[in-house]
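Participant: please work out how this folds:
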Amino acid sequence: MKKANEIINDPIKATLFGKFYEKIVSRWLKERKGFTFFDGKPRIYWKDVEYAKGNSKSVPELNDILKKYKKEKQFCTPDGFMEKDGKYYVWEAKNWPLWTEGKKPLEQLRDLLWSMPLILATKVVYRTQEKTIDGILFSWWSKPDDVESLLKEIKDLIATPHF
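Facilitator: This is a model prediction of the structure:
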C-alpha cells in the first residue's frame, strides 16, 4: 500500500489533480480578486533569472539551486499568467498538502519557496513575447499562521542589498 506522499508525488496524479484545482483557484482569482487570465501557460527561462543578492541567510542555498537549474534545465512552466491593473503576474499553485511529517503549512511553504528559484524571476515569455513580471502568486493548500513573517523573509531573500 502506498503512503500519501508517494501518491501525491506521482506526476500523473499530481497533474490530474492540478487540472481540477487550478480551474477553481483561477476562477476565484478572477471573480474575487480581479485578475485577468491569459490562455496557455508562460515559460520562465532559467538563463534569464538573476542570482539572489538579498540579505537572507538563504541566499547561498537558493543560488546553488538556481545554478543547478541553469545547468540542467532550460525553463519552467508556471501554472498561469495574468494581469491586474496593468501589471503582469505568474501563478504557481500547490494546493495539496506536502505530507511532510511533523511540519506545519508555514514550514512546508517556506521549504518549497526556498528551493524554488522561480521567486527570483523578473520576466516571462508568453506566446513568444517577453514580458516583465511584477510579482508571483502562490496558491497554497492551507493559509499559514504567520504570513507576514514569511513575506518579510521573502523580501529579505530577493531584495538587493544596500551598501
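
Participant: which residue sits closest to Ala52, ignoring its sequence neighbours?
Facilitator: The shortest distance from Ala52 to any non-neighbouring residue, by Cβ to Cβ, 6 or more residues apart in numbering, is to Val59 (4.6 Å). Yep, even glycine has a C-beta here, placed from its N, CA and C like the rest.

Participant: could you measure from that neighbour over to Tyr45?
Facilitator: For Val59, the distance to Tyr45 (Cβ to Cβ, to the nearest Å) stands at 21 Å.

Participant: which residue ranges of the protein form helices?
Facilitator: In chain order, the chain shows helices spanning 4-8, 11-33, 59-72, 105-114, 147-158, with DSSP state H as the criterion.

Participant: now for those helices, which one comes closest to Glu83?
Facilitator: With Cβ to Cβ, the closest approach to Glu83 among these belongs to helix 11-33: 11.0 Å.

Participant: pLDDT on that closest one, on average?
Facilitator: Per-region confidence: helix 11-33 scores 79 on mean pLDDT.

Participant: again with stretch 137-156
Facilitator: For stretch 137-156, the per-residue pLDDT averages 80.

Participant: so which bits of that stretch are buried?
Facilitator: Residues Leu137, Phe138, Ser139, Trp140, Pro144, Leu150, Glu153, Ile154 are the ones in stretch 137-156 that count as buried (16 or more other Cβ atoms under 10 Å).

Participant: what's near enough to touch the residue lying closest to the fifth one once chain neighbours are set aside?
Facilitator: Right, Pro144. Counting by Cβ to Cβ, 6+ apart, Leu106 is the residue found nearest to Pro144 once chain neighbours are left out, at 3.5 Å. If you count contacts by Cβ atoms under 8 Å, 6 or more residues apart in numbering, Leu106 has them with Pro144, Asp145, Asp146, Leu150.

Participant: pLDDT of stretch 109-122, averaged?
Facilitator: What stretch 109-122 shows for mean pLDDT is 85.

Participant: can you tell me the closest non-neighbouring residue to the residue sitting nearest the centre point of the chain?
Facilitator: With distances taken as Cα atoms, centre = their mean, the chain has Glu92 as the residue nearest its mean C-alpha position (4.4 Å). Using Cβ to Cβ, 6+ apart and skipping the chain neighbours, the partner closest in space to Glu92 is Pro78 (5.0 Å).
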